[in-house]
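1. let's see this in three dimensions:
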Amino acid sequence: MARLDPPVRARAQRLTTETLRHLGALDALLGQHLAHMPPLPVLNVLRIAAYELLAGEAAHGVVNSAVTQIAAMPRHNRAKGMANAVLRKVAGAGMSLADLPASRIPEWLRDPLVMAWGDEIVAACEAVQSRPAPLDLTPREPSTTKTLAETLNATVLPTGTLRIADNVQVTALPGYETGEWWAQDAAAAIPVRVLNPQQGEKVLDLCAAPGGKTMQLAAAGARVTALDISAPRSERIAANLARTGLSARTVTGDALEFTETGWDAILLDAPCSATGTLRRHPDLPHARDGSEIGALIALQSRMIDHALSLLKPGGRLVYCTCSLIPDEGEVQAEEAIARHPGLTADRAALDLPGLDPDWITEEGGLRLRPDLWSDLGGMDGFYVVALRRPR
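-> Residues are numbered from 1 along each chain as shown. This next block holds a predicted model:
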């Protein structure tokens, strides 16, 4: 992939991503015309070609290209005739992507989500994830939101995030070079709003890369330290701060080994399964099988306990994960409160413009799902809770 010219690489990435987004539905469609599933290399060519046909690409070019690719496979070139016949049937059906049903999330992830919310809600999440994610932007200065929306032809979401539905090149948009905004999903922008940083407060952003939340904290006037375990990711935070003209201290290191205390507030966006980002990364559920989640849950618990030890008495910790799995969200909050006498979930922190009270969970956190705001394009899955240490 790296050897490809940028335009070709971008097209290859788009085809791969969108084929994976519709994988289940494409397999079902191809299965209608196949006596049996072909070898995986052949099947993958058929999948991508079927996506191209449904996306409106010229049938003649798509079919010829697919047949040529299969003919060049020494072990599978006999399948070229079958591929030609199958793809011509797909093309002749006159279908488009809009006719495809939403692909189901793989069972390793779907089962716990159905257990948590029921099949109807999970199906609604799958429907949103079957569409490409829009581009969300966080303005550096909230006072410029309306002007930026007009300049960028963007919609202002209920929480103040700007949303652009069209497929655009981010770096070419007005205001990018001058740092007037940064790309950040609407759900990912909510944890800092829940933390509500104040002018001059000493705030620690743990696991800070790529820096969207760090920039939100700095823009609010807090004295921010952004910590990340990766040196290249820390450099990316610094570059984003420089572009936006914001200031924060960056530190490279392990969050569990960081020992500075006396923080007014800490934001912990903990390592997680990232299952809330499937509409941006439809490859994720196919690249994983859930076996890593147990270790992540244990790490999250340790990080919560360590972060609490760094706070001032009365300080607040916002814990969040871009996960749909309750064990990485609601359960972590419940168990942290049980482990730490006097620790409370601050429900008042969730009383913010654009947040529906129905999103507040039993233990006092905020559950964000892809199907919320489905009429506006949805959002990433996130869990957010504000924990306050006793004075």
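
2. any idea of the mean pLDDT in stretch 220-231?
-> The average pLDDT within stretch 220-231 is 97.

3. when you give positions from now on, start the count at 48
-> New numbering, starting at 48: the last item is stretch 267-278.

4. gap between it and the chain center?
-> 21 Å (CA atoms, centre = their mean, to the nearest Å).

5. in it, which residues are buried?
-> Buried residues in stretch 267-278, counted by 16 or more other CB atoms under 10 Å: 267, 269-276. (Each C-beta comes from the backbone N, C-alpha and C, glycine too.)

6. just the closest of the residues you listed to residue 144, please.
-> residue 275 (37.6 Å; CB to CB).

7. and for that closest one, nearest residue in space, chain neighbours not counted?
-> Closest residue to residue 275 in three dimensions, ignoring its sequence neighbours and counting by CB to CB, 6 or more residues apart in numbering: residue 256, at 4.5 Å.

8. helix, strand or coil for residue 170?
-> helix (DSSP: H, G, I helix; E, B strand; the rest coil).

9. next: residue 333.
-> Going by three-state DSSP: residue 333 is helix.

10. and the residue sitting furthest away from the middle of the chain, how far is that from residue 431?
-> Here the centre of the chain is the reference, and by CA atoms, centre = their mean the most remote residue is residue 125, at 41.0 Å. Using CB to CB, to the nearest Å, residue 125 is found at 55 Å from residue 431.

11. which one of the buried residues of stretch 267-278 is nearest residue 402?
-> Distances from residue 402 to those, taken by CB to CB, are shortest for residue 267, at 17.8 Å.

12. what sits against that closest one?
-> 239, 244-246 (CB atoms under 8 Å, 6 or more residues apart in numbering).

13. and residue 151, how many neighbours does it have?
-> 15 (other CB atoms under 10 Å).

14. tell me the secondary structure at residue 194.
-> Residue 194 - assigned by three-state DSSP - is helix.

15. give me the neighbour count for it.
-> Residue 194: 13 neighbours (other CB under 10 Å).

16. let's see the pLDDT reported for it.
-> 96.

17. against residue 230, how distant is it?
-> Distance from residue 194 to residue 230, by CB to CB: 18 Å.

18. kindly report the same for residue 137.
-> From residue 137 to residue 230 the distance is 35 Å (CB to CB).

19. what does residue 366 give?
-> 23 Å.

20. got it, and residue 362?
-> Counting by CB to CB, the gap from residue 362 to residue 230 is 30 Å.

21. next one: residue 69
-> 24 Å.

22. the more surrounded of those two?
-> For residue 69 versus residue 230, neighbours defined as other CB under 10 Å are more numerous around residue 69 (23 against 18).

23. does that one touch residue 95 like I think?
-> No. Taking contacts as CB atoms under 8 Å, residue 69 lies outside contact range of residue 95: 10.6 Å.

24. now stretch 179-191: mean pLDDT?
-> Stretch 179-191 comes out at a mean pLDDT of 95.

25. contacts for it, please.
-> Under CB under 8 Å, 6+ apart, the answer for stretch 179-191 is 65, 68, 192, 195, 199, 201, 204, 207-212, 214-215, 217, 226-233, 236, 259, 262-263, 266, 291-293, 326-327, 424-425, 427.

26. so which of these are in strands?
-> 209-211, 228-230 (DSSP state E).

27. nearest to residue 309, of the residues you listed?
-> Distances from residue 309 to the ones in strands among the contacts of stretch 179-191, taken by CB to CB, are shortest for residue 229, at 28.8 Å.

28. show me what contacts the residue nearest to residue 275?
-> 275, 277, 280-281, 283-284.

29. for those, work out which two are farthest apart.
-> Longest span within the contacts of residue 256, CB to CB: 277 and 284, 9.9 Å.

30. can you check the pLDDT for the closest residue to residue 325 other than its chain neighbours?
-> Nearest non-adjacent residue to residue 325, counting by CB to CB, 6+ apart: residue 176, 5.0 Å away. The model reports residue 176 with a pLDDT of 91.

31. what helix or strand is residue 142 on?
-> Element membership for residue 142, per DSSP states H and E: none, as it lies in no helix or strand.

32. so it is in contact with residue 101, correct?
-> Yes. Applying CB under 8 Å as the test, residue 142 and residue 101 come out as touching, 5.8 Å apart.
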